[in-house]
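Participant: compute the structure for the input listed below.
(chains A, B and C)
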Amino acid sequence: MIGSLLRREWQILRRAKGAVINPMAFLFLSATLFAIAAPALVIQQTSQGASAAGILWTLVLLTQLLALDGMYRRDFDSGLLEQLLVTAQVPFVAVLSRIFMQWLSTGFIIVLASPLLAVLLGLSVETLPATAVALLLGTPTLSLLGSIGASVTVGFNRGGVILALLVLPLFLPTLIFGADLVEAAQAGRDFMPQAYVLGLISLGALALAPFATLAGLKISLEMQ
Amino acid sequence: MLAALKRLWHKLGSPRWFFALTSFWVSLLGWAALLFLLVGAVWGLAFAPADYQQGNSFRIMYVHVPAAMLAQSLYIGMGVAGFIGLVWRMKLTDVFIAASLPLGMVVTALALFSGSVWGRPTWGSWWEWDGRTVSTLVLFFLYVGIYALREAIADMQLRARASALLAMVGTVNIPIIKYSVEWWNTLHQPASFGLTQKPAMPSEMWLPLLVMVLGFYALAGFVVLTRMRAEILHREGSARWVGEWIAGRRAI
Amino acid sequence: MFTLNQLCCERDGRDLFAPLTLGVAAGDYVELLGANGSGKSTLLRTLAGLHSQFSGSYETVPAVYQGHRLGLDDLLTPVENLLWFAGLEGATLSLDRILDALQETGILTEAYDNCAAMSAGQQRRVAMARWMLSQRKLWLLDEPLTALDIEAQAVASRIIKEHCASGGAVICATHQPLDLTDKTTLTLTPQLAETAS
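Facilitator: Numbering: from 1, shown residues only, chains lettered A, B, ... in the order given. As a prediction, the model looks like this:
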């Protein structure tokens, strides 16, 4: 069952590459906007590069938010979601594989693109590995907790703003520890504590999100 | 024993039984709130000694601290109610959430506002990104999220389930958010003195605070129960016992 | 195969139809009639487990559900869609069986085209192939004849008849009665009257 679920996700990803490309374009575009609008923060690095870490994480959060809005929408509109809940032997697994693919197509790509992004924002080359580690440990939380918000708002015509209201506060811990990890690396401090916390938060989200998402999807499917 | 417990549980879930049970508690909590708030306010504002550093401005604490505590308690209460409602499909829990959500938002706003007013003479600015302030602000956003969600869903039962789910998820996240904001705060703490970390407040100062806290909680109990009773009457409007109750009230 | 016991679906606290009591055995074809808004779709969604607001009770077996939204991914071809669906059920299907089913519903020539390029009726035909390929005995069909041409309507009737003959059961909400001789008709009424003939 997992095999066929993942195969479909992969086929869709190959046929609708926008799901990967558009968020990344948004990410780099907004980084450019930041550098132009606030050169004091990005180019001149007034506070020793500390702000670059924060900007990077904020942009990642917003990018994820943008991608999350469409996480279940296509499947909801076409009726695949109700087939999934009626037919799947273990809907839990189906939800988990959807979340995994969502992360793979956004969070993981961000990790891969992070050196470029970090350099654009003026982080030093030595911090690139730490930045990638922070994103690798932090972005799963965004996909997992975001999936809960997306599942509840998928039935709304304009769910985007409500989705932001619901999930951005939950993203705060990841933002704090993620930015702090990069900052610590930039300052040459030990960043293992932050890495542990980021990983722990992701594990906690992993335990919570599939069940909550399933409940949210059931609510949304009952709205029509 | 188990059967009796189960029966009690079912009874608790019945709006009618709840309505009958709470008529006494509403008036008790209402009077208690009035008493505690009067005593606490007069004691705290007029008789408690002025702070040696802050002078009289510290007295805002008698509103700020209870409001901040209540803000958090109400959210956690909503989360617990949401959990019970989702697991046992109890109607009353949504009545509780519907009743405490606006109060929670107001109290959180009050905590933020009073904190800001307090910050002006103490820190010299209306807004400081202090750890507690940020936590309370995030709490406010959590409230707003559930409020927006409830507004967006027309179906009452689905609205109940969705807000219960989100209240639960939010409650699970509150400790993590608080911890991370504290972490953030110790890193970025501006040079200011903490307000509540001061060594042992004298009892003349914290006793009125305790009374005020009790008063706030009694008031919250009163408001939530009254709103819940009104909501029950509204939702069960077509039930016979509601008609009988109204007829009984008219007769008096 | 399944029973309804005083089942009454609700929407926002409002009863949709008079309580239903019904037993359906293997081989039965039940036609669900009723005016627009009488709760046919909601009843089918309830039986599929997608709607949780009801009073009374029902016992049912795992079912194939066909709603207004077909549940086809328009980025995939019919074959890929059917493979995905079989995977959901935990079954492995040979390509031959899939192509056979597509031939029977008359959509074989488009088997490897994207569903996005198909007309509504053609997509319906793919959905019909999905019922046939499912291992589940109970079919819950919501307006299956919508957008189908005369020939495809005959195919749908035949498929349903064959399914019932082989020990399955079908509940079908429709405004166009199907051309089947042996059927139970169930009309959803808002009043406290119930017709079962």
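
Participant: from now on I want contacts and neighbour counts done on CA atoms only, so please keep to that.
Facilitator: Fine.

Participant: quick check: the gap between C:Gly87 and chain A.
Facilitator: 5 Å (C-alpha to the nearest C-alpha, to the nearest Å).

Participant: separation between that residue and A:Leu5?
Facilitator: Separation of C:Gly87 from A:Leu5 (C-alpha to C-alpha, to the nearest Å) stands at 7 Å.

Participant: helix or strand: which one has the nearest residue to B:Glu128 once chain neighbours are set aside?
Facilitator: Among residues not flanking B:Glu128 along the chain, B:Gly119 sits closest, at 7.4 Å (C-alpha to C-alpha, 6 or more residues apart in numbering or on different chains). Assessed by DSSP states H and E, B:Gly119 sits inside helix B:91-123.

Participant: if we can go back for a sec, who's in contact with the residue nearest to B:Glu128?
Facilitator: B:125-128 (C-alpha atoms under 8 Å, 6 or more residues apart in numbering or on different chains).

Participant: cutoff 10 Å now
Facilitator: Listed by C-alpha atoms under 10 Å, 6 or more residues apart in numbering or on different chains, the contact set of B:Gly119 reads B:57-58, B:60, B:113, B:125-128, B:195.

Participant: derive a PyMOL selection command for the buried subset of these.
Facilitator: Applying 16 or more other C-alpha atoms under 10 Å in any protein chain shown to the contacts of B:Gly119 leaves a buried subset, and the PyMOL line that selects it is:
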select buried, chain B and resi 57+58+60+127+128
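
Participant: that older thread, shared neighbours of C:Gly87 and A:Leu5, which are they?
Facilitator: The contact lists of C:Gly87 and A:Leu5 share A:Ala88, where a contact means C-alpha under 10 Å, 6+ apart.

Participant: poorly predicted segments of the chain, please.
Facilitator: Since you didn't name a chain, this refers to chain A. A:41-50 (pLDDT under 70).

Participant: wrong chain, I was asking about chain C
Facilitator: C:191-197.

Participant: up against chain A, what does it have?
Facilitator: Within chain C, the positions near chain A by C-alpha under 10 Å from any C-alpha of the partner chain are C:11, C:42, C:45-53, C:62-76, C:80-81, C:83-92, C:134, C:136.

Participant: out of the residues you listed, which end up buried?
Facilitator: C:11, C:42, C:45-53, C:62-67, C:69-76, C:80-81, C:83-90, C:134, C:136.

Participant: among those, which are in strands?
Facilitator: C:11, C:63-66 (DSSP state E).

Participant: those strands in chain C, which residues are they?
Facilitator: C:2-11, C:14-15, C:20-24, C:29-33, C:54-59, C:63-66, C:138-142, C:169-173, C:184-187, C:195-196.

Participant: figure out which of the ones you listed is closest to A:Phe76.
Facilitator: With respect to A:Phe76, and counting by C-alpha to C-alpha, the nearest of those is strand C:63-66 at 14.3 Å.

Participant: strands paired with the closest one, and their directions?
Facilitator: Its sheet considered, strand C:63-66 pairs with strand C:138-142 (parallel) by DSSP bridges.

Participant: how big is the angle separating the partner strand from strand C:29-33?
Facilitator: 20 degrees (axes from the mean of the first three to the mean of the last three C-alpha atoms, to 10 degrees).

Participant: where exactly do the helices run in chain C?
Facilitator: C:40-48, C:78-89, C:95-104, C:120-133, C:150-165 (DSSP state H).

Participant: and the last one, what does it pack onto?
Facilitator: In this structure, helix C:150-165 packs against strand C:29-33, helix C:95-104, helix C:120-133, strand C:138-142, strand C:169-173, with contacts taken as 3 or more C-alpha pairs under 10 Å, 6 or more residues apart in numbering or on different chains; DSSP states H and E.

Participant: how many residues are close by the residue of chain C found nearest chain B?
Facilitator: Across chain C, no residue is closer to chain B than C:Asp12, which sits at 5.1 Å (C-alpha to the nearest C-alpha). Around C:Asp12 sit 13 other residues, with neighbours defined as other C-alpha atoms under 10 Å in any protein chain shown.

Participant: per-residue pLDDT of the closest residue to it other than its chain neighbours, please?
Facilitator: Nearest non-adjacent residue to C:Asp12, counting by C-alpha to C-alpha, 6+ apart: B:Asp155, 5.1 Å away. Note for B:Asp155: predicted pLDDT of 89.

Participant: one more: the one 3 residues further on?
Facilitator: Confidence per residue is given as pLDDT, and for B:Leu158 that number is 92.

Participant: and if you look at the one 4 residues further on?
Facilitator: Each residue has a pLDDT score; the one for B:Ala162 is 95.

Participant: quick check, it in contact with A:Leu214.
Facilitator: No - contact criterion C-alpha atoms under 10 Å: B:Ala162 and A:Leu214 do not qualify, at 11.6 Å.

Participant: overlap in contacts, these two.
Facilitator: In terms of C-alpha under 10 Å, 6+ apart, B:Ala162 and A:Leu214 are both contacted by the residues A:151-152, A:220.

Participant: for those, which one is nearest A:Leu117?
Facilitator: Once C-alpha to C-alpha is applied, the member of the shared contacts of B:Ala162 and A:Leu214 that ends up nearest A:Leu117 is A:Ser151, at 29.8 Å.

Participant: check which helix or strand that closest one maps to.
Facilitator: helix A:128-153.

Participant: with B:Trp129 instead?
Facilitator: Judged by DSSP H and E, B:Trp129 forms part of no helix or strand.

Participant: and it, how close does it get to B:Ser116?
Facilitator: Counting by C-alpha to C-alpha, the gap from B:Trp129 to B:Ser116 is 11 Å.

Participant: more neighbours: the two, which one.
Facilitator: Each of B:Trp129 and B:Ser116 has its neighbours counted (other C-alpha under 10 Å); B:Ser116 has more, 19 against 13.

Participant: hang on, the more buried one packs against B:Ser125?
Facilitator: Yes - B:Ser116 is within contact range of B:Ser125, at 8.0 Å (criterion: C-alpha under 10 Å).

Participant: many thanks, I have nothing further to ask.
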